[in-house]
Every structure is written in structure tokens, then in C-alpha cells.
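Participant: my questions are about this predicted structure, shown below with the sequence.
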Amino acid sequence: MSFSNRDSVWANAALVVTVSPDDPILDKYRPTHGSLAGLEFQKDMESRAYKLGGGGMVAPVQRLTDYLDRRVSESVPSSSYRLGVKSAALHDIYPQPLYKALADAAVHHF
């Protein structure tokens, strides 16, 4: 649920990458978590994001141009997220195949 009036200067947007049940990205999670490997992968990615934000539910953020260049943003725009944002190396959260898929989508499909 959003507390916004839907009339702000910010967008609530996302890019989505599919990770199928037989995706090799899940191979390291399968021995311990079996059919729940995908959920453990998600938990791992969320834990990494939490750490990059510095804890306290601060959201890690990165400008798209910096994500593509694999560098931490020197500055980030203001945000409506109440708990705050922190510039972080989001390009390091996901495994390389997911980074490449997101980068490809941003460069070739927008």
C-alpha cells in the first residue's frame, strides 16, 4: 500500500528479471534448500540490499548510468521514501547473469 497521492515527481518503478526454478543461478541454493531455493535466493538478495543500505531499512540506490558503468553514484536525487536512501553499489548485489540482463534491458529496450 502506498501513502502517496500519486501526484509526486517520483516514479514507483522497477525492472524485472525472471529466475526460473531450473536457473543455474539457484544451483548453490538447491543442495540445502531444495525446491525452496528460489526463496532462499530472494532472501539472500534482500539481505545484501539491507547491508548495502546500512541497516535500519534505508534503501540502497544508484543512478542507472552508474549501475551500467559499475560505479557507486557520487550523489543521488531526493526521494519520497521516508526511511531514507543511501548511494550503494547495486551492481554488486546480483549474480553476473542478472546484472547483464538488467543492463541489457536498460540499454536496448528503453
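Facilitator: On my side now, so go ahead. Numbers count the residues shown, from 1 in each chain.
Participant: can we go C-alpha only for contacts and neighbour counts from here?
Facilitator: Noted.
Participant: for the helix or strand hosting residue 107, what is the average pLDDT?
Facilitator: Using DSSP states H and E, residue 107 sits in helix 96-108. What helix 96-108 shows for mean pLDDT is 93.
Participant: check which helices and strands it sits against.
Facilitator: With contacts taken as 3 or more Cα pairs under 8 Å, 6 or more residues apart in numbering; DSSP states H and E, helix 96-108 sits against no other helix or strand.
Participant: just give me the residue right at the centre of the protein.
Facilitator: residue 90 (6.2 Å; Cα atoms, centre = their mean).
Participant: how far out from the middle of the chain is stretch 99-110?
Facilitator: Computed by Cα atoms, centre = their mean, to the nearest Å, the chain-centroid distance of stretch 99-110 equals 14 Å.
Participant: show residues contacting the helix holding residue 107.
Facilitator: 15, 16, 17, 67, 68, 91 (Cα atoms under 8 Å, 6 or more residues apart in numbering).
Participant: buried members of those residues into PyMOL, please.
Facilitator: Those of these that count as buried under 16 or more other Cα atoms under 10 Å are selected in PyMOL with:
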select buried, resi 67+68+91
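Participant: out of the contacts of helix 96-108, which comes closest to residue 23?
Facilitator: Among those, residue 17 lies closest to residue 23 (Cα to Cα), at 11.8 Å.
Participant: quick one, what contacts that closest one?
Facilitator: Contact analysis of residue 17 by Cα under 8 Å, 6+ apart lists 98, 101, 102.
Participant: quick one on the thing from earlier: any buried residues in the helix holding residue 107, and which?
Facilitator: So for helix 96-108, counting by 16+ other Cα under 10 Å, buried means 98, 99, 102, 103.
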